[in-house]
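Provided below are the primary sequence and the corresponding predicted coordinates.
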Amino acid sequence: MIFFQILLIFSIYYVCGLIIELLGFNFPVGVFSIFLILLLVYFNIFKIKIIEKGAKFLLDNLLVFFIPAVVVVYYDYNKVLSYGYGLLITIFFSTVFVFIGTIAMLKILTKVISGWKR
C-alpha cells in the first residue's frame, strides 16, 4: 500500500515536471507538485488518505536523502575548508532556515487541511 502511495506521489512529481517543461516555466517542480496535490485535495479530486501513509513514510526517512550530500562533503573535506568557514556558516544557517520554513509551512497547511475536513 505504501509503495503505491509513494509511486503516486512520484508520478505527480513527474507529471508536474513535464508540465513545467512544456510550458517553459522556470519554477521548482517540487513546489508545483505540492500545490497541485493541495488543489487536488481541496477540490475533492482525491482524499488525503490516498497519499497519507506514503508521504509519512517519505518524511520519516527524509534523512536518507541527505546521505549523498554528506558523503561528498566527507570526501572533499579539504576543498570545503579551503572555501573557509563562511561556507560552513552559510550551510548551517540555510539548513536552519529551511527547517524553520518547513515547520511553519506544515503548521499552516495542517490548519488549512483540518479546516477542510470540518
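That came through fine.

Helix or strand for the most centrally placed residue in the chain, just tell me which one.
By Cα atoms, centre = their mean, the chain has its centre lying nearest to Gly30, at 6.1 Å. Using DSSP states H and E, Gly30 sits in helix 29-42.

Equivalent analysis for Phe92, please.
Phe92 belongs to helix 85-117 when assigned by DSSP H and E.

One more: Tyr14?
According to DSSP H and E, Tyr14 maps onto helix 2-23.

Would you mind writing the CA trace of that helix as PDB?
In PDB, the C-alpha atoms belonging to helix 2-23 read as follows (Å, rounded to 0.1, in the frame of the first residue of the first chain):
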ATOM      1  CA  ILE A   2       2.700   2.500   1.000                       C
ATOM      2  CA  PHE A   3       4.700   1.600  -2.200                       C
ATOM      3  CA  PHE A   4       1.700   2.600  -4.400                       C
ATOM      4  CA  GLN A   5       1.200   5.800  -2.500                       C
ATOM      5  CA  ILE A   6       4.900   6.700  -3.000                       C
ATOM      6  CA  LEU A   7       4.600   5.800  -6.600                       C
ATOM      7  CA  LEU A   8       1.500   8.100  -6.900                       C
ATOM      8  CA  ILE A   9       3.500  11.000  -5.300                       C
ATOM      9  CA  PHE A  10       6.400  10.500  -7.600                       C
ATOM     10  CA  SER A  11       4.100  10.200 -10.600                       C
ATOM     11  CA  ILE A  12       2.500  13.500  -9.700                       C
ATOM     12  CA  TYR A  13       6.000  15.000  -9.400                       C
ATOM     13  CA  TYR A  14       7.000  13.600 -12.800                       C
ATOM     14  CA  VAL A  15       3.800  14.900 -14.500                       C
ATOM     15  CA  CYS A  16       4.400  18.400 -12.900                       C
ATOM     16  CA  GLY A  17       8.000  18.300 -14.300                       C
ATOM     17  CA  LEU A  18       6.600  17.600 -17.700                       C
ATOM     18  CA  ILE A  19       4.000  20.400 -17.400                       C
ATOM     19  CA  ILE A  20       6.700  22.900 -16.400                       C
ATOM     20  CA  GLU A  21       9.000  21.800 -19.200                       C
ATOM     21  CA  LEU A  22       6.200  22.000 -21.800                       C
ATOM     22  CA  LEU A  23       5.100  25.500 -20.600                       C
END
